[in-house]
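Predicted coordinates and the sequence they were generated for:
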Amino acid sequence: MTAPRIQLLLLAKAPVPGRVKTRLCPPWTLEQAAALAAAAIADTVEVLAATPAVARTVVADGPLPAPPGWGRVEQRGTGLGERLAAAYADTARPGVATLLVGMDTPHLAVADLVAAAAALAAADAVLGPAEDGGWWALALRDPSAAAVLPAVPMSTSDTFARTRAALAARGLTVTTAATLRDVDTAPDAYAAAAARPGTRFARALAAARTAR
């Protein structure tokens, strides 16, 4: 196999207080949690923009505009698995692989994405495990393979394992990318900021701590 051309997707929710990162409250307010979410999105956009790709699309829930030069589609579906599958289906391009990430890894680096994309040279799917048992990225040579995702329980301690098993049951060869930590709780936020202290997220976290 050779590495295919690839497009990048960012699955993100508009940073509206009370609708994002509510598990960070407490210790922070809903407004501070939304500010952290906005910073995480901005950091992720910057990393995706610096990663070689034929196209970039934000898959949005709520009033989240597309960055300049990006496409935009609305999330659709009743659960996360359905929304993920729809994201791949609604952006599919002939002969182009798809790599999707979320907004929960503001410490993401260009090298993480480049390595995940390159791994498609030897696999049909590349899955990036998260420390909590979920996953932070999924790259698919054929985006239609995302049809398995609605049947996978999401946001559980074995979501990564179940996703990998579902892809393998479809006949795909699956390899893994780097393990990252999703930002769901205050300890996660501190760890992400420490991993990349120069990010907008790290600065927003420092501001939120000062304001307490």
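The structure has been received and is ready for your questions. Source: prediction; values computed, not measured.

Direction included, what does the longest strand anywhere in the chain pair up with?
Under DSSP state E, the strand in the chain containing the largest number of residues is strand 5-13. Here strand 5-13 is paired, per DSSP bridges, with strand 55-61 (parallel), strand 96-101 (parallel).

average model confidence for the lengthiest helix in the chain?
Longest helix in the chain, counting residues (DSSP state H): helix 30-49. The average pLDDT for helix 30-49 rounds to 97.

For the strands paired with strand 5-13, could you give me CSV that also reports mean pLDDT and distance to residue 89?
Just so you know, the C-beta spots here come from the backbone N, C-alpha and C atoms, and that holds for glycine as well. Shown next, in CSV, are the strands paired with strand 5-13 (pLDDT from 0 to 100; distance: least, CB to CB, whole Å):
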stretch, mean pLDDT, distance to residue 89
strand 55-61, 98, 11
strand 96-101, 98, 10
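
For residue 177, find the nearest of the ones you listed.
Nearest of the strands paired with strand 5-13 to residue 177, taken as CB to CB: strand 96-101 at 9.5 Å.

Please save the CA atoms from that closest one in PDB.
Provided in PDB are the C-alpha atoms of strand 96-101 (Å, rounded to 0.1, in the frame of the first residue of the first chain):
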ATOM      1  CA  VAL A  96      -9.400  10.500  -0.600                       C
ATOM      2  CA  ALA A  97      -8.900   9.100   2.900                       C
ATOM      3  CA  THR A  98     -10.400  10.800   5.900                       C
ATOM      4  CA  LEU A  99      -8.800  11.600   9.300                       C
ATOM      5  CA  LEU A 100     -11.200  12.900  11.900                       C
ATOM      6  CA  VAL A 101     -10.300  14.400  15.300                       C
END
